[in-house]
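J.: Kindly return the folded structure for what I paste below:
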Amino acid sequence: MALRIIMKPHHGNIDTMKSEDAVSLFEECRFAHLACHIKDDLYLVPISYIFEDGVIYSHSEPGRKIDIMRKNPHVCVQVEKVEDFFHWRSAIAWGDFEELNGDEASEAMRLLLKKVSEEVGSEQMSSLGLDMAAQLESAIIYKIKIKKITGRYEGHSTIPQ
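T.: Next up is the predicted model:
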């Protein structure tokens with residue numbers, strides 16, 4: 001007779017975040033997963049971003065992601081903070097892609113570079129030789145206007161701040 005072992009995972013408190021906690025998670029994170037689609041072509045990629053006033057700002061080189069979003073601007077963005085299997089937070093936002101140009105693109109790039117500078121330090125920024133004008137020449141700057149945002153968490157009696 002074979003010994004049969006049944007293992008049940010032990011989960012903590014899985015619950016829905018308040019809307020403001022999901023927004024806070026987007027403000028806290030710097031990297032996300034962006035999902036876009038056109039017909040049967042689904043595409044999921046990591047992005048770096050900043051979140052300000054209910055809008056995600058990011059940049060990209062021309063390519064598949066930009067081509068898809070230009071054809072279908074409806075996208076989904078997911079962020080997460082994972083401590084371990086039973087302590088995590090995740091939020092998802094749905095919104096519309098909008099390519100930026102001119103002053104709006106310059107301002108978004110300034111915000112992005114400012115956030116990178118705060119994260120890596122000004123001495124590393126200067127060693128990277130980031131030149132805003134050069135970045136804007138080839139980069140496509142875009143925003144995602146958030147329409148809906150939700151989140152879930154596990155293992156926290158309160159959402160960590």
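J.: per-residue confidence at residue 12?
T.: Here the pLDDT value assigned to residue 12 is 67.
J.: That should have said residue 115, apologies.
T.: Reading off the per-residue confidence, residue 115 sits at a pLDDT of 78.
J.: burial measure for it, as a count.
T.: 17 (other C-beta atoms under 10 Å). No exception for glycine: its C-beta is placed from N, CA and C like everyone else's.
J.: Pretty sure it sits in a strand.
T.: No - following the definition DSSP: H, G, I helix; E, B strand; the rest coil, residue 115 is helix and is not counted among the residues of a strand.
J.: Excluding covalently adjacent residues, which one is nearest to it?
T.: Spatially, and ignoring its direct neighbours in sequence, residue 115 is nearest to residue 50 (4.8 Å; C-beta to C-beta, 6 or more residues apart in numbering).
J.: gap between residue 47 and residue 61?
T.: For residue 47, the distance to residue 61 under the criterion C-beta to C-beta, to the nearest Å works out to 12 Å.
J.: try residue 115
T.: Distance from residue 115 to residue 61, counting by C-beta to C-beta: 19 Å.
J.: now do residue 71
T.: As for residue 71, its distance to residue 61 is 18 Å (criterion: C-beta to C-beta).
J.: Could you do residue 105 as well?
T.: Noted for residue 105: a distance of 14 Å to residue 61, by C-beta to C-beta.
J.: which one of the two has more residues nearby?
T.: residue 105 (19 against 9).
J.: The more buried one reaches residue 141, doesn't it?
T.: Yes - in this structure, residue 105 is within contact of residue 141 by C-beta atoms under 8 Å, at 4.1 Å.
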